[in-house]
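In: sequence and predicted structure below; questions after.
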Amino acid sequence: MSDVTEFGYKTNALLMRLLISGGLTAAALLLWSLAGWGFSGFDAILGALATAYFGTRVLGNLYELAFPRPVIRVSDEGIQDRRLGPTVIPWTAITEFKQVTGAMGAGTLFLEVREPKRYIGPSKGFLWLFYALRGRSGQAEAGILPLTPPNVLDLGDMDLLDAVDEHAPHEIPVTPTGPKS
């Protein structure tokens with residue numbers, strides 16, 4: 001078995017997600033309860049669906065806090081982002097990294113891969129939907145898959161690109177992207 005570098009969520013990022021999903025659950029419950037006071041049946045259905053969705057997100061965030069596990073694994077075989085699915089993206093499929101510069105999203109990495117739809121697994125929520133739409137958009141044979149911004153991952157003393165340099169069998173170019181000056 002090869003050496004693996006793993007990155008999980010930062011606790012404060014999970015707490016922020018929990019706070020947001022909890023607030024949205026409360027708002028959905030309010031909409032649902034107000035539907036009984038003369039609002040339309042549509043409001044009741046919307047409130048119930050939103051409560052179920054955001055309530056599930058609350059439970060998921062609580063689970064992540066109680067039982068932390070890696071989000072991204074970097075190994076000699078490639079990169080695995082569990083939000084995309086169980087498939088490891090091999091180094092041979094990765095053509096380039098794009099790193100966002102500037103104030104908005106600074107440090108966020110995007111993978112440019114050949115045949116991105118091969119690496120998108122079964123549905124895993126809203127972020128998966130973004131990945132799936134991006135990867136399955138029918139754009140030629142290459143596509144871009146985003147990785148988590150660095151302020152969301154607990155990188156410790158190691159940067160994600162350092163882990164890539166350590167494990168990749170060949171150098172993969174990193175292109176800075178951002179606003180034009």
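Out: Everything's here; your move. Residues are numbered from 1 along each chain as shown.

In: all helices of the protein, in order?
Out: Secondary structure of the chain, counting by DSSP state H: helices at 11-34, 41-66, 126-135, 160-167.

In: just for this protein, where's the confidence low?
Out: Scanning the chain for pLDDT under 70 picks out 1-2, 36-39, 102-106, 121-144, 146, 149-150, 156-158, 178-181.

In: contact partners for the closest residue in space to residue 46 that isn't next to it in sequence?
Out: Sequence neighbours aside, residue 31 is the residue nearest to residue 46 in space, at 6.5 Å (criterion: CB to CB, 6 or more residues apart in numbering). Bear in mind the C-beta positions are built from the backbone N, C-alpha and C, glycine included. Residue 31 makes contacts with 43, 46, 47, 50, as judged by CB atoms under 8 Å, 6 or more residues apart in numbering.

In: give me the contacts around stretch 6-13.
Out: Applying CB under 8 Å, 6+ apart, the contact partners of stretch 6-13 are 64-65, 68-74, 151-155, 160, 163.

In: top of the residues you listed by number of neighbours, please.
Out: Within the contacts of stretch 6-13, most neighbours by other CB atoms under 10 Å means residue 74, with 26 neighbours.

In: quick one, domains of the chain?
Out: What automatic domain parsing lists as the domains of the chain is 9-66, 72-177.

In: nearest to residue 3, out of the ones you listed?
Out: Closest to residue 3 of the domains of the chain, according to CB to CB: domain 72-177, at 6.9 Å.

In: pretty sure residue 177 contacts residue 97?
Out: No. Between residue 177 and residue 97 there is no contact under CB atoms under 8 Å: 10.1 Å.

In: so which of the helices of the chain is the most packed in?
Out: Comparing the helices of the chain on average neighbours per residue, with mean count of other CB atoms under 10 Å, the densest one is helix 160-167 at a mean of 17.
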